[in-house]
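Colleague: okay, sequence plus prediction incoming.
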Amino acid sequence: MQPGLYHILFISTVLFFIGVFGFFTRRNLVTMLMSIELILNSVNLNFITFNKYVWPNKLDGLFFTIFVIAIAAAEAAVAIAIIINLYRTHQSIDVENAEEMKF
Amino acid sequence: MSGSTIIFYLLAALTLVSGLLSVITRIIFRAAIYLLFSLIGIAGIYFWLQYEFIAAVQIVVYVGGIVVLIIFSIFLTQQAGELLPKQKLGRQLFSALAAFCGLALVMLQLVQHTFTTTSNTPIEPTVANIGAQMLGIDQNGFALPFEVVSILLLAALIGCIVIALKSKPENNL
Amino acid sequence: MPNVTYIALIPLLPLAAFLILGIFGRKYFKNTSGIIATALLLISTLLAVYTAYGYFFEYGKVDGIYQKLIPLKYTWLQFSEGVSIDMGIIIDPISVMMLVVVTFISLMVHIYSLGYMKGDDRFPTYYAFLGLFTFSMLGLIISSNIFQIYIFWELVGVSSFLLIGYYYDKPSAVAACKKAFIVTRFADVGFLIGILILSFYSNTLDFNKLIERLTTPESNELKNAVAASFLGISALTWGLVLVFIGGAGKSAMFPLHIWLPDAMEGPTPVSALIHAATMVVAGVFLVARLFPVFSISSPNALSLVGYVGAISALIAAVIACTQTDIKRVLAYSTMSQIGYMMFALGVSKYGGEDGLGYTASMFHLFTHAIFKALLFLGAGAVIHYIHSNEMKDMGGLRKYLPITHITFLIACLAISGVPPFAGFFSKEEILLAAYQNNKTIYWVALITSGLTSFYMFRLYFSIFWGRTRPSSFKRDCDEVKGEGGFVMMLPLVLLAFGAATAGFIPFGHFISSDRITLENKFHLMFSISPVALGLTGIIIAMWMYKKENNKPEKFAAMSSGLYKAAYHKFYIDEIYIFITQKIIFNLIARPTAWFDKNIVDGMINATGEGTKEISEKIKTFQSGKIQQYAICFLVGLISLALLFIYVWK
Amino acid sequence: MNITLLILLPLLTAIVILLMQNATQVKWVSMMGATLQFVLAFVLLFSFYKERQLGNTSQMLFELKYNWFPSWNISFHFGVDGISVAMIMLTAFVVIAGVLVSWNVTKMTKEFYFLLILLSMGAYGFFISLDLFILFFFLEIAVIPKYLLIGIWGSGKKEYSANKLALMLMGGSALVLVGLLGVYFSASIHSFDLITLSLLHIPIQTQLICFPLLFVGFGVFTALFPFHTWVPDGHSSAPTAGSMFLAGISMKLGGYGCLRVATYIMPEGAKEYASIIILLSVIAILYGAFATMMQKDLKYINAYSSVSHCGFVILGIGMLTKTSIIGSVMQMVSHGLMTALFFAVIGMIYERTHTRQVSEMGGLLKRMPFISTVLFIVGLCSLGLPGLSGFIAEMTIFMGSWQHPDTFRRVATILACLSIVVTAVYILRAVTKISMGPLKDEFKNLTDATWNEKLAALILIAGILAIGVAPFWFNDLVSPGAEIIMQKISPITIGIK
Amino acid sequence: MIETLTLMKPELIITFIIFLLLFIKIGKGVKSETMLLLIQVLLLLNFITGFIFNSEGNLFDGMYQTTAMMALQKNILSLGIYLISLLFASWFKKSEHMLEFFILMLSALLGMFFLISSGNLLMFFLALELATIPVAAMANFDLDKKVSSEAAMKMILSSAFSSGILLFGISLIYGATGTISFTELPLYLDGSPLQILAFLFLFTAFAFKLSIVPFHLWTADVYEGSPIAVTSFLSVISKGAVTFIFISTLYKVFQPINEVWYNMIMILSIASMVIGNLFALRQQNIKRFIAFSSIAQVGFILVGISSNSAQGISSVVYFILIYIFSNLAAFGVASAISSQTGKENINDYKGLYQTNPFLSLVLVLALFSLAGIPPTAGFFGKLFLLTAGASKGSYLFITIAALNMIISLYYYLRIVRAVFMEKNEQPIEKIEIDLSAKFALTICAAGIVLIGLLSWTYDYIQSLS
């Protein structure tokens, strides 16, 4: 069977929820960030797929992907900066150690 | 089953399996590497889809940029080789359940939906087309988003500098 | 008809006295207030007498019927078309008669009080209150509107309250004034509801119209009122009975009489005025005012009046025989005599000879006012002398208080129905009316009449005969100037004169149920039995009480059950206390307050507490764990998706 | 006359108070403001009469209309009829008395008077508003000053009471708001204007929903059972002037609202729910009266008796006859004056004896004849003595209520009548215990009322007597207003004779 | 070109200021007081220029669009930023990264401007990120405080997560309709399940930014931990900007499926009000308290949004305007107190009126406005929201909303009680307030009082929507 739209959508959706699962369960902040990257990549895959199979007349999906990659980079950079700072103040990047504020 | 199909399934397997491994392995460095593989797998799918430019961007930015950044931060914050702390089983199960429900829901909707394919002439995702549109300001031009992203990157940069490069380490606590 | 609007001055002058003395009395008229009030009242009295003269002898009678004149009427408060409270003056035989009685007795009391209350701290206040009372009572009498009468009805109630509680630092006085007010107030609610019923069916509050509409058999109002019924009794009867309850409360009819004996806590002249001569007969007056309606349209209600009157007369007389406080004896006697008036109305019919009871009742009201005021003022003189109300502190006073003694004796003879004193004539007529119409009541009345003379002479002998008890009064009373001087004796003498001679007034000539002159007939044979009974009573009393002896105790021991019950006023007070304290207070008020505090308020508070509680319970959602937040995010998203994709399309 | 003066004057007074430097100045400024209000109220009364005598029969006099939020169709629409004039008079009386009795306030005087005057502004604004939005605006303006008055200058568990009061009243006004919005959107023209709305027909379904919302909402203000529980706590914790304003003015906002807003614009709703209203009001009357019997604190006594008395207001409205509506307006005014006076007297007594427990007092008549006399008068007014205003109001309500031949209403009326006995019981118990009986030793050195207290009491007594002795002018004042409300109701009310 | 300049005037000015500050930063050597003054003047100028040379039109093939309403919305945000620059002067002066802070804040503002003007999903997404990522960095500006970095971490991670969800939704929409342009989207929306699902994914991003229950959980923690200036920026400016784009997106782009989102908004509005109020009830920290109260406020905004009418837009914009004044006043007072005494607990406010009457009055005015008590503007704001919402005729919804006002009143009054009524052994001492802060507080107070009473403000907004 020739792989097509639904196959790739399946991959991207599964990858999305793998990322979500990772985000839910990982206690290390950096690994949580990595899960976010998975999520963003799955979205990118979606865009490209739709662009390719459904709406090839324009390059909207492709550009979306490019910009998402850029945003992901910026986001990752800021997140890592924050994580590093958090590591300085908390001496840990375990998310369970950073829950001073609650209720 | 043609060769491209086989390649596709291989890429899919690579992406998903390493993606999954990256969120469940307890060795942080491995997690980063699995992530890398997964990203490469996605780049492979882009190639497979003949979106070479985007595949290249994927490899350059992600593999060359973000993953390096992540590994760098791992080195900064983590003693390598140390096992990651384990999440509570209840949380894991519940998360898996929630994620699975989400997956099922989304997949169900996707499968039930018939995508109406456009009949207009496709535009080839060539570098020339992409470049022209990226900087175009008229129809199909993406100059404005480009500018916005540049400001965003600038701001992110400044933010990172302020946060990460603390000037007075003696106040550290 | 001449212009008689000056009648308005009769009540307004006492009101002026009230206002002047009430506001400025304490500052400016500390000592002269009595004179001012008396002077103003004297003018009123003269005006009242002048009015009576004019009405009865000059312009009142047209074509042989005394007219109901309404010289003044203002709309005071308009409720709806046709229904309004009017402030007006009605002039008819009974109101004119009452005007004279009230102003005269009040004047006597005013004069008497000049001596009796002399030196009291709140002398101006006392006269102010007297003025207020006189105003209200006069207003009540001349009311042309049933609501107007209710207004003044309440006002006499409150002045009575103020005067009973005049010695406000005495707890018993405070309790008594409260009791008087509340009991009469309770009855007044009946009156009020009665007014509501009557006014609804007659669609007016005006006495004249109301009586006319409710006595004309073909009028729609009457038909409706009779046709509507509740618990099998017609609305009209209900209305009248409720109005009568109001009257019974004010007139201390059984079982609403309990306030009257306690009301004796007030100054004695006040008792004479309010609780003997005037206010307490307001109930009788009210029934008389509405008599045509009672008599023509609802004989059932009228017979109720008769029976209540008779029972009250008998019970009060029995109790009076056992009381030792002289004012209480007089109080029960008052109740008993008002019972007479009441049942006289009850046995009367409308018009002509059959309406004798009506005339008799009014006649008795008139004579009773005089001799009962006299009795009280006499008792006041005694108390003033002795500084005690108790019979056991008295005895042999005839030597010390000669004028008082004579006048008191006259009054006693009058009340006992001994000819030719005033009481004889009026009581005779009442008994005759009862005999003609209702034998049961007649027998009750006859027995009561005997009892009356017994307890009156028991009182008389105990006070003025027997052994003097120097220990009780020599100590602090010998310096008191005898009988209180001229101002106290003058009213006694005047009243005694009245008590002796008032019976000869041809009352039926002036007052009758249908306002047509009634010829006085005297039935000599009929009057033998009551007079004989009365004399028997006197003799027994003389035998028992003239000399100090142990006969009363023996007698009391002999009939111990009855005596004890009567001495304790047949435990009616206790029943009331049981009802108010145990039932109303403990079973209604206390649970209500509890309910309010714990249930209603508790619910409101619980809402607040519950909110807080919930907010405390759900705080764990905000766990501080970012992953948990994300899970919530996703779960929320999925549930919304499920909801809007599958459930709520 | 320009009736916006009634709002502007208090506003100006309040601003001037804020600029004043010391307590004395503040007092005199507020005194002057209150006096001017008083004068203004009389000017209003007389010019109202004059207009009417000149044959001006329009529903509202001195109407004014400025657009405010044109996009919502909201305007400053002011105007008065007899009912509003009566309520304005009441407010003016209570305000001046309230200012007078607060003469001894030392804590944060400026703020205290500022809030008092602000409260009066809210009340005036409420009574002259013909636009429901503005009306609601002023209704809410009047809530927070009460909260602060109780919370800052109060006594006892003041914070609890203040909270309870503010929250319950705000709850009431929230319901009012929903009701108003319902009316706004259901009428064929989206308008808050009372006159416009009264001419439109509001669909019956809307009335069935919005009438209870509005009625209960306003009812909370006027102590409708079972939403009355803020009354005892609020009144008892408030400072004297606070209680006076609370009971004298602000409880009347609710009654006025029930009548002018709920009943007037939604007559079918009123008719539909009449039985429930009557039931609740009779419960309030009797229940309040019986609960009062058990109270030991003077302020609680008056507060619970207010519940009972305000029940009459609601009863009068619920009975839906012209007479009963007039009676209910009368009861509002009468109760306002009377209860303000009662609280003033309680304040005077408390200031001297430092207790409000009835059982701890006795014989005060000897040392404080003036205060005791006022206490008597107010007690007698409360129990409905003829010649004082309470009688007039209650009797009018009874007469009006009785006009229905329907048995349920008859029974309700009779039950309400019975309450006057209970009232007599608790009033007499309290009054006689306080002022009569032997004088207690600790009260030997008490002094009688000072000039300001006397003046305050006399002003209120004058009001009580003015209605009690000569009710006809008051009746004439209110009656056309009630007539107009009845015209709206009567075509659909069945069975009223 | 001129057209481009005038149309994009607000964005260009902000960009200009950003670069100006950047150059100054590189140049260095200017005293922070002078610097701050300069910034304040620049922001004031920015605010003023918002009133002039406004024109309407599209640029970049509809990717950027502007209308008078949008100009007004941007101007409201500019005003907010200006007030923030005044209010937290003392904090700025102490901070050594003031310039960076302003650069970040202005970048975020720029993002919001683009957000408001965005004409397609791509611009929308980028602008949203531009409006978020710098703020996350700003949240960390109290570099030494643990809570600050915790807040920043929570913010960046949860907003990244929410962006992921948003993007997934956008991708689905793109797949289902083939367009990302706001003008074309309504033509292709038909309410098929996938579209609803996609819309929900998109919607949650708004819900996240607006702190709508159950997507609100990050709010309180981030508000509490961030520097107060950031908290106020988040709670006022961000929320305002997102509300503006939210309402226009819903009304214009998702109009075809308005029945879906009406019901959704109704549910979420009730949830937000109830949960926000219930949590606010028990908060002791003033920032956290305002966080929860602002969640409840959002519930109210949703009531207005649900009306789906021009009145809805104008009442929401009007409310945001009032909300800026009220919330900033409250934050201004809280900041004045916490910057001098470090006290952020409500119990510390006991007896404040005795020592700091001015601060107390402004605070109480602000709280009354938030609670919706007349004559403050908040009363009108809330009332108009409810009125707009009531036009749909859902009584239950409106009743619940109105009753929630009571709970909110309870906790606002709690602070009023503390300030005026409760006794305190050691009340907060007399606080010296910066002149600029005092000025700003006065402006806020005046705004709170006047905006409601001066009805033309509302009418002006109404005329634009």
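Modeller: Structure's in. What do you need?
Colleague: C-terminal to whichever helix or strand C:Ala310 is part of, what's the next element?
Modeller: Assigned by DSSP states H and E, C:Ala310 belongs to helix C:299-320. Using DSSP H and E, the helix or strand that follows helix C:299-320 in sequence is helix C:326-346.
Colleague: what mean pLDDT does that following helix have?
Modeller: The average pLDDT within helix C:326-346 is 87.
Colleague: now the angle between helix C:299-320 and the next helix or strand along the chain from it, please.
Modeller: For helix C:326-346, the following helix or strand on the C-terminal side (DSSP H and E) is helix C:356-386. Per axes from the mean of the first three to the mean of the last three CA atoms, to 10 degrees, the angle that helix C:356-386 makes with helix C:299-320 is 30 degrees.
Colleague: can you confirm C:Ile70 is in a strand?
Modeller: Yes - under DSSP: H, G, I helix; E, B strand; the rest coil, C:Ile70 falls within a strand.
Colleague: residue contacts, E:Ile286?
Modeller: Residues in contact with E:Ile286 (CB atoms under 8 Å, 6 or more residues apart in numbering or on different chains) are E:334, E:338, E:344-346, E:349, E:415. Just so you know, the C-beta spots here come from the backbone N, C-alpha and C atoms, and that holds for glycine as well.
Colleague: tell me the confidence at it?
Modeller: 90.
Colleague: E:Ala152 now?
Modeller: 93.
Colleague: give me the residue from the stretch 201-350 of chain E nearest chain A.
Modeller: Closest contact between the stretch 201-350 of chain E and chain A, by CB to the nearest CB, is at E:Asp221 (4.4 Å).
Colleague: around that residue, how many other residues sit close by?
Modeller: When neighbours are defined as other CB atoms under 10 Å in any protein chain shown, E:Asp221 has 30 of them.
Colleague: do the one 10 residues further on as well
Modeller: Counted with other CB under 10 Å, residues neighbouring E:Thr231 total 26.
Colleague: and the helix holding C:Ala310, what's buried?
Modeller: For helix C:299-320, the buried set under the neighbour-count rule, 16 or more other CB atoms under 10 Å in any protein chain shown, comprises C:301-320.
Colleague: got the phi/psi numbers for the closest residue to B:Val67 other than its chain neighbours?
Modeller: Distance criterion CB to CB, 6 or more residues apart in numbering or on different chains; nearest residue to B:Val67, sequence neighbours excluded, is B:Leu36 at 5.0 Å. According to degrees, to the nearest 10, the main-chain angles of B:Leu36 amount to phi -60, psi -50.
Colleague: hmm, B:Val63 and B:Leu36 touching each other?
Modeller: Yes - B:Leu36 is within contact range of B:Val63, at 6.2 Å (criterion: CB atoms under 8 Å).
Colleague: looking at these two now, which is surrounded by more residues?
Modeller: B:Leu36 (20 against 16).
Colleague: so that one versus chain C, what's the distance?
Modeller: 24 Å (CB to the nearest CB, to the nearest Å).
Colleague: ditto for E:Ser315
Modeller: Counting by CB to the nearest CB - E:Ser315 and chain C are separated by 25 Å.
Colleague: checking my notes, D:His228 in a strand, right?
Modeller: No - secondary structure of D:His228 (three-state DSSP): coil, not part of a strand.
Colleague: so it touches D:Val307, yeah?
Modeller: Yes - at 4.7 Å, D:His228 counts as touching D:Val307 under the criterion of CB under 8 Å.
Colleague: give me the common contacts of those two.
Modeller: With CB under 8 Å, 6+ apart, D:His228 and D:Val307 have common neighbours D:284, D:288.
Colleague: how about the helix ranked longest in chain B: buried residues?
Modeller: If you go by DSSP state H, chain B has its longest helix at helix B:89-112. Residues of helix B:89-112 classed as buried: B:91, B:94-95, B:98-99, B:101-103, B:105-107, B:109-110 (neighbour count, 16+ other CB under 10 Å).
Colleague: mind checking how far it is from the chain centre?
Modeller: 20 Å (CA atoms, centre = their mean, to the nearest Å).
Colleague: which other helices and strands contact that helix?
Modeller: If you count contacts as 3 or more CB pairs under 8 Å, 6 or more residues apart in numbering or on different chains; DSSP states H and E, helix B:89-112 packs onto helix A:5-25, helix C:626-642, helix E:193-210.
Colleague: returning to that earlier point: from the buried residues of helix C:299-320, list the ones also adjacent to chain E.
Modeller: With the criterion set as CB under 8 Å from any CB of the partner chain, no member of those is near chain E.
Colleague: return the subset of the contacts of E:Ile286 lying in helices.
Modeller: Counting by DSSP H, the contacts of E:Ile286 contribute E:334, E:338, E:415 to helices.
Colleague: wouldn't D:Ser173 be in contact with D:Ala142 here?
Modeller: No - with contact defined as CB under 8 Å, D:Ser173 does not reach D:Ala142; the gap is 9.7 Å.
Colleague: and the residue of chain A that's closest to chain B?
Modeller: A:Gly22 (3.0 Å).
Colleague: packing partners for the helix-or-strand element of chain D with minimal mean pLDDT?
Modeller: Lowest mean confidence among the helices and strands of chain D (mean pLDDT, DSSP states H and E): helix D:364-367, at a mean of 83. With contacts taken as 3+ CB pairs under 8 Å, 6+ apart, helix D:364-367 sits against helix D:369-382, helix D:407-435.
Colleague: near chain C, anything from stretch D:215-235?
Modeller: Yes - residues of stretch D:215-235 contacting chain C under CB under 8 Å from any CB: D:225-226, D:228-230.
Colleague: out of the residues you listed, who's the most crowded?
Modeller: D:His228 (29 neighbours).
Colleague: got the contact list for it?
Modeller: So D:His228 contacts C:600, D:284, D:288, D:307, D:310 (CB under 8 Å, 6+ apart).
Colleague: that one and D:Ala241, how far apart?
Modeller: Separation of D:His228 from D:Ala241 (CB to CB, to the nearest Å): 22 Å.
Colleague: what sits up against the least confident helix or strand of chain D?
Modeller: Under CB under 8 Å, 6+ apart, the answer for helix D:364-367 is C:168-169, D:349, D:353, D:371-373, D:434-436, D:439, D:443-448.
Colleague: repeat that for stretch C:197-215.
Modeller: C:68, C:70, C:79, C:82-86, C:90, C:143-147, C:149, C:195, C:219, C:221-222, C:224-225, C:228, C:235-236, C:238-240, C:242-243, C:289-290, C:292-293, C:296-297, D:399, D:402-403, D:405, D:497.
Colleague: again, but for stretch E:176-189
Modeller: Here stretch E:176-189 has contacts from A:54-55, A:58, A:60, A:64, B:113, B:115-116, B:118, E:62-63, E:118-122, E:124, E:170, E:173-174, E:192, E:194-195, E:198, E:249, E:252-257, using CB under 8 Å, 6+ apart.
Colleague: PyMOL command for the buried members of those?
Modeller: Buried residues within the contacts of stretch E:176-189, by 16+ other CB under 10 Å, are selected in PyMOL with:
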select buried, (chain A and resi 54+55+58+60+64) or (chain B and resi 113+115) or (chain E and resi 62+63+118+119+120+121+122+124+170+173+174+192+194+195+198+249+253+254+257)
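Colleague: which of the contacts of stretch E:176-189 fall in helices?
Modeller: Those of the contacts of stretch E:176-189 lying in helices (DSSP H): A:60, A:64, E:121-122, E:124, E:170, E:173-174, E:194-195, E:198.
Colleague: quick check: which ranges of the chain have low pLDDT?
Modeller: No chain specified, so I'll use chain A. Scanning chain A for pLDDT under 70 picks out the ranges A:1.
Colleague: my bad, chain E
Modeller: For chain E, the ranges with pLDDT under 70 are E:1, E:28.
Colleague: before we move on, the earlier item: closest one of the residues of stretch D:215-235 next to chain C to chain E?
Modeller: Nearest member of those to chain E, counting by CB to the nearest CB, is D:Trp230, at 12.4 Å.
Colleague: can you pull the pLDDT of the residue in the stretch 101-250 of chain D positioned nearest to chain A?
Modeller: Distance from chain A to each residue of the stretch 101-250 of chain D (CB to the nearest CB) is smallest for D:Asn163, at 23.3 Å. Here, the pLDDT recorded for D:Asn163 equals 89.
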